[in-house]
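Visitor: need a 3D model of the following:
(chains A and B)
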Amino acid sequence: MFQNINKYFVYSIFLFIIFVSSAHGREYCDEAVAFINEVTDETLTIINSSEFTKNQKKSNLSDLLIKNADFETMGKIMLGKYARKLPNDMKEVYTNLIQKMLTQTIYDRLDNDEEDPDVTYAIVNDSCRTKGSKNREFLVDGDVLKNDSRLASIRWWIIINKDQQYKVIDLTLAGVSLTLQKKDEFTSYLSNKSVSQLINNLSKKFD
Amino acid sequence: MAKIYAHKLFFVVTLTLILVLNITVSKADISQFIEENYNSSYSESSDSELDYSPFDPYEKTNRKMFAFNQAIDNAILKPMSEAYRDIVPEGGRESIRNFLRNLESPTILFNDVLQGEEQRASNTLNRFFINSSVGFFGFGDPATDMGYPRHTEDFAQTLATYGVDSGPYIVSPLFGPSTPRHIAGRFVDFAVHPLTWYLQNQNDGYRYSYGISEAVVAREELLEVLDDIEANSTDYYVSIRNMYMQRRMDEISNGVPSDQPSEFSIDTARDLNLVF
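Guide: The predicted structure is shown next:
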């Protein structure tokens, strides 16, 4: 009799833990989608605006990304195993360059219809799932619409940082992951050059 | 009483063993996965059916071919595309684009059917009939507004869905980024393209005009995109190779993000003391 009670008690605890953990995942996922929707709304307001000049758009997009993206983590993913070779005194310089490079790249990817001002974009983010060991990382999937027609898929990889803020760490547009693309480039570059040379190259292009 | 304690002890030991073994095994697997996929040169999909193979054993030759293609592009194709843009207004260019795309419909339909994609095949068929009639021989694209959006499909994608490996990355002369599977697919697509048979009985001028106009129209669409990629990359060759590979994966999966790739997790990497 006691044996059974004991068994049921243990099972109940397990079930409770599983339930609480998945409920947390769902709750965080809802927050993650809300965060991404807010970011996309702000991005589209900038990109679709006819009031801003090109430089103003770029500057506003840069501010938005600084607020909502984790460039340090993105930069580390791009360096992969070479991240260990990044000298401490160069970390800040490198992160700043990554921020400039990504702002430029994202801006170029999103703003390619200069000739046709009537084109409007929309993004509908409709699914989210957690990943990783701590339920702090999420993949949010959606569609990019151009004049109401589906143009491409979009996938956001976001993370909750130590300050409990949601931050974007990758953007996959039409199947092309920005972070993985840059990682491939950097790995190839660093196979026969140093991290300092990479930083010099980036600063020539983006500083 | 002793029996209850023995039972409890057995339960706790078993649970501990399961947890420890599970963590050890999954950590080893994940560690290997991360080292292979994220700390190595390339990321590779674990979904064998989609076969994202960034294998580039002929990189030296490929780079030379890439430089050759770029020289041709800079000398001929790009200036032609820029001139085409300057001469033909946006509306006209869009009509020409639509017309050429409509001609691809039979090839797309052929591959939709081979892939068993009934809905997409029906979509292609509807598009072809609507655009060829209401859209005035395909110069217009009313089908998209009527709920039949365009999609692409080719024989290389069909081969991929049948599980055929892509093979190594190859830069082919004039055609650019490719793989043996993609090259083989191009031959089949060329053979099933209706214009291939029609133009066989026409003079060379028609054949060349069609080929050149397709190249110019496609290049014109990519003018800014390629300029931006070149300007923003540290290695243009690698950028193009990576984008080609990722785009092909996306096309093979019909634009549906796979659940398999990018399973890399920052937290897991931190747990394993890797980089982060």
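Visitor: only alpha carbons, please: show the strand or helix carrying residue B:61 as PDB.
Guide: Counting by DSSP states H and E, the element that carries residue B:61 is helix B:59-72. Only the C-alpha atoms of helix B:59-72 are listed here, as PDB (Å, rounded to 0.1, in the frame of the first residue of the first chain):
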ATOM      1  CA  GLU B  59      38.000  24.900 -54.600                       C
ATOM      2  CA  LYS B  60      41.200  26.000 -56.400                       C
ATOM      3  CA  THR B  61      39.800  25.200 -59.800                       C
ATOM      4  CA  ASN B  62      36.400  26.600 -58.800                       C
ATOM      5  CA  ARG B  63      37.900  29.900 -57.800                       C
ATOM      6  CA  LYS B  64      39.600  30.200 -61.200                       C
ATOM      7  CA  MET B  65      36.300  29.400 -62.900                       C
ATOM      8  CA  PHE B  66      34.600  31.900 -60.700                       C
ATOM      9  CA  ALA B  67      37.100  34.600 -61.600                       C
ATOM     10  CA  PHE B  68      36.600  33.700 -65.300                       C
ATOM     11  CA  ASN B  69      32.800  34.000 -65.000                       C
ATOM     12  CA  GLN B  70      33.100  37.300 -63.100                       C
ATOM     13  CA  ALA B  71      35.300  38.600 -65.900                       C
ATOM     14  CA  ILE B  72      32.700  37.600 -68.500                       C
END
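Visitor: which element follows that helix toward the C-terminus?
Guide: Following helix B:59-72 toward the C-terminus (DSSP H and E): helix B:78-87.
Visitor: chain center to that next one, what's the gap?
Guide: Helix B:78-87 has its C-alpha centroid displaced from the chain centroid by 26 Å (C-alpha atoms, centre = their mean, to the nearest Å).
Visitor: and the helix or strand following it, how far out from the chain middle?
Guide: Scanning forward in sequence from helix B:78-87 by DSSP H and E, the next helix or strand is helix B:90-103. Distance of helix B:90-103 from the chain centroid (C-alpha atoms, centre = their mean) equals 22 Å.
Visitor: now do helix B:90-103 against helix B:78-87, angle only.
Guide: Put simply, helix B:90-103 runs at 120 degrees to helix B:78-87, going by axes from the mean of the first three to the mean of the last three C-alpha atoms, to 10 degrees.
Visitor: helix B:90-103 close to chain A?
Guide: Yes. Using C-beta under 8 Å from any C-beta of the partner chain, helix B:90-103 reaches chain A at residue B:90. For every residue, glycine as well, the C-beta is placed using N, CA and C.
Visitor: tell me the contacts of the closest residue to chain B within chain A?
Guide: Across chain A, no residue is closer to chain B than residue A:175, which sits at 2.2 Å (C-beta to the nearest C-beta). By C-beta atoms under 8 Å, 6 or more residues apart in numbering or on different chains, the contact set of residue A:175 is A:152-153, B:246-247, B:249-251, B:253, B:255, B:257.
Visitor: mind listing what the closest residue to chain A within the stretch 151-276 of chain B touches?
Guide: Nearest residue of the stretch 151-276 of chain B to chain A: residue B:250, at 2.2 Å (C-beta to the nearest C-beta). Residue B:250 is in contact with A:153, A:174-176, counting by C-beta under 8 Å, 6+ apart.
Visitor: just residue B:103 next, same as before
Guide: Counting by C-beta under 8 Å, 6+ apart, residue B:103 has contacts B:138, B:193-195.
Visitor: narrow those residues to those in helices?
Guide: Judged by DSSP state H, the contacts of residue B:103 include B:194-195 as members of helices.
Visitor: in ChimeraX, how would I select just the buried ones from the contacts of residue B:103?
Guide: The buried residues among those can be selected in ChimeraX (16 or more other C-beta atoms under 10 Å in any protein chain shown) with this line:
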select /B:138,193,195
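Visitor: so is residue B:56 in a helix, a strand, or just coil?
Guide: coil (DSSP: H, G, I helix; E, B strand; the rest coil).
Visitor: distance of it relative to residue B:62?
Guide: Distance of residue B:56 to residue B:62, computed by C-beta to C-beta, to the nearest Å: 7 Å.
Visitor: equivalent analysis for residue A:133, please.
Guide: Distance from residue A:133 to residue B:62, by C-beta to C-beta: 39 Å.
Visitor: hey, which helix or strand in the chain has the poorest pLDDT?
Guide: Chain wasn't specified; assuming chain A. helix A:2-48 (a mean of 72; mean pLDDT, DSSP states H and E).
Visitor: which is the next helix or strand following that one?
Guide: Once the chain leaves helix A:2-48, the next helix or strand it forms, by DSSP H and E, is helix A:54-68.
Visitor: quick one: that next one near chain B?
Guide: No. Figure legend: helix A:54-68 not in contact with chain B (C-beta under 8 Å from any C-beta); closest approach 12.5 Å.
Visitor: residue 106: neighbour count?
Guide: If you meant another chain, say so; for now it's chain A. Applying other C-beta atoms under 10 Å in any protein chain shown, we find 22 residues neighbouring residue A:106.
Visitor: hmm, no, I was thinking of chain B.
Guide: Neighbours of residue B:106 under the rule other C-beta under 10 Å: 16.
Visitor: my read is that it contacts residue B:193, right?
Guide: Yes. Under the criterion of C-beta atoms under 8 Å, residue B:106 makes contact with residue B:193 at 7.1 Å.
Visitor: pLDDT below threshold where in the chain?
Guide: Since you didn't name a chain, this refers to chain A. Low-confidence segments of chain A (pLDDT under 70): A:1-26, A:111-119.
Visitor: nope, chain B
Guide: B:1-54, B:257-264, B:268-276.
Visitor: surely residue B:96 is in contact with residue B:218?
Guide: No. Judged on C-beta under 8 Å, residue B:96 makes no contact with residue B:218 at a distance of 11.1 Å.
Visitor: who's more crowded, those two?
Guide: Neighbour count, other C-beta under 10 Å: between residue B:96 and residue B:218, residue B:96 has more, with 17 against 13.
Visitor: find the nearest non-adjacent residue to that one, please.
Guide: residue B:217 (5.9 Å; C-beta to C-beta, 6 or more residues apart in numbering or on different chains).
Visitor: how many neighbours does the one you found have?
Guide: Residue B:217 has 18 nearby residues by other C-beta under 10 Å.
Visitor: just the strands in chain B please.
Guide: Assigned strands in chain B, in chain order: B:170-172, B:176-178 (criterion: DSSP state E).
Visitor: elements contacting the first one?
Guide: Right, strand B:170-172. helix B:59-72, strand B:176-178, helix B:180-192 (3 or more C-beta pairs under 8 Å, 6 or more residues apart in numbering or on different chains; DSSP states H and E).
Visitor: and the gap between residue B:249 and residue A:166?
Guide: To residue A:166, residue B:249 is 27 Å away according to C-beta to C-beta.
Visitor: same check on residue B:145?
Guide: From residue B:145 over to residue A:166 (counting by C-beta to C-beta), the distance is 37 Å.
Visitor: look at those two and report which has more neighbours.
Guide: For residue B:145 and residue A:166, the more surrounded residue by other C-beta under 10 Å is residue A:166, and the numbers stand at 21 against 13.
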